[in-house]
Structure formats: C-alpha cells, structure tokens
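starting from these lines, generate the structure:
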Amino acid sequence: MPPPRAGRVQADLLDVVIVGAGPAGLSAALTLGRSRRRVLLLDGGPPRNAPVGAAHGLLTRDGMHPADLKAQALANLARTVGADGHVVRREVRRDPDGAFAVRVGQDWHRTRVLLFATGVRDVLPAVPGLRERWGQGVYHCPYCDGWEHEGRALAVYGCGQSAHHLALTVRAWSDRVTLLCSSDLWASPATPASS
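Numbering: from 1, shown residues only. From the prediction side, this is the model:
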C-alpha cells in the first residue's frame, strides 16, 4: 500500500519526472524511489564521461567503466523506479492545473515535479587533435583522472586566474606541470565535446 500523502493523489499523476540519468539523476531516482514516490527517470543520452575508460571517485565503484556503472545503477533502480526513453526537446508543457506534462515517444506523462539533472556540457577550444584525445589523454577533472597520471609531465590549457589556480592544483599529482595559454584561446570558436 502506498504511503499517505498530503492532498489528493491522482492516479495519472507522477510525483517526479527526472530528466537525466547521470549520477545526480540516478541518485535522486534512488532516494525518491526508496521513499515510495512515483518516479519516472528519463535518460538524456550518453553521459559526459562516455569517452573515458573508467569513472573515478565513486565509493566502491572506483575504476568502473561509465557504461557499466550506469547499467548497474539502472538495474538497481528497476525495483523502485520506472525508466523510459529520451525526452525530445520542446516536449514539456505546464497544464492548467499546475502539473507538468512530458512527452516520451507518443506518450504524455503528468507529474507534480519536473527535476532536471542534465549535468554540464564540456565546450572545447578549437585546438587541432583535442577532440580526438578527449577522455583519452585530455581530461577535464584532475580529481577524476589525476591519480592515474601521477608523476608524469602534465599540462593545463587555459588563460587567466582560474587556469593559474588549476595549474597549481594539478601540482598535487605532479611537480612537472606546464600552463599553456594562447591568445587564440579566447578568439577561437569553441565546440562542444560531444559533437
């Protein structure tokens, strides 16, 4: 029997639709599902870390391939949460009663809460070869991948105070850190990493 809720429960109304099946969306789905909320998890496509060989910094799962990590998480959620396809852009509306309606394929799902856990999108500078090496020698997070490159010659690409700070941070993994800054960095068109 579902737990009592404040207010009237509508049979066709979900408690939460979560858009994004990365770590944040999966964690939200797990917690809400275990709280006996009616949840639908919508996958937004490949994760940010899809190009890397291993995910790091996750207790008991350090070094696991991102696709395996996601598959295991979805399997764990199968008992408590419904998971369905992809949200198509511009397919969300607000109904007159205040509920959200989300289109998935040909079906509409109504929900009290719409939770966006879509993460971030890496935008890479237009540097020849950078996109091809993304996740395979070129990384965005020293906390995720620094340990595996400890003691090697490392480079930080960027300009300004934030790049200087990152270069100093990367010194925790190597004393051979070079900060690469180009005046073209700010003038070149950037492109998304996933394109």
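
and the helices in the chain, which stretches?
Taking DSSP state H, the helices of the chain run over residues 23-34, 66-77, 130-133, 142-145, 160-170, 184-187.

looking at those helices, which is buried most?
Among the helices of the chain, helix 23-34 has the highest mean neighbour count (mean count of other Cβ atoms under 10 Å), at a mean of 19. Any C-beta I mention is one placed from the backbone N, CA and C, and that applies to glycine too.

just to revisit the earlier point, can you redo the helices of the chain as CSV with mean pLDDT and distance to V120?
Listed next are the helices of the chain as CSV, based on pLDDT from 0 to 100; distance: least, Cβ to Cβ, whole Å:
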stretch, mean pLDDT, distance to V120
helix 23-34, 91, 10
helix 66-77, 88, 15
helix 130-133, 89, 17
helix 142-145, 90, 13
helix 160-170, 94, 15
helix 184-187, 55, 19
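
mind putting the ones you listed into TSV with distance to L40?
Output for these, formatted as TSV (distance: least, Cβ to Cβ, whole Å):
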stretch	distance to L40
helix 23-34	9
helix 66-77	11
helix 130-133	34
helix 142-145	29
helix 160-170	38
helix 184-187	42
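
between those helices, which one is nearest to T178?
Nearest to T178, of all those, is helix 160-170, at 7.9 Å by Cβ to Cβ.

now do that closest one: everything it contacts.
With contact meaning Cβ atoms under 8 Å, 6 or more residues apart in numbering, helix 160-170 is reached by P142, G146, L154, V156, Y157, G158, V177, T178, L179, C181.

identify whichever of the helices of the chain lies nearest to V113.
helix 23-34 (9.2 Å).

how far off helix 66-77 does the closest one point, in degrees?
Relative orientation of helix 23-34 versus helix 66-77 (axes from the mean of the first three to the mean of the last three Cα atoms, to 10 degrees): 10 degrees.

look up how far S174 lies from the closest residue to R112 other than its chain neighbours.
In space, and not counting its chain neighbours, R112 is closest to D15: 5.7 Å by Cβ to Cβ, 6 or more residues apart in numbering. Going from D15 to S174 by Cβ to Cβ, to the nearest Å gives 47 Å.
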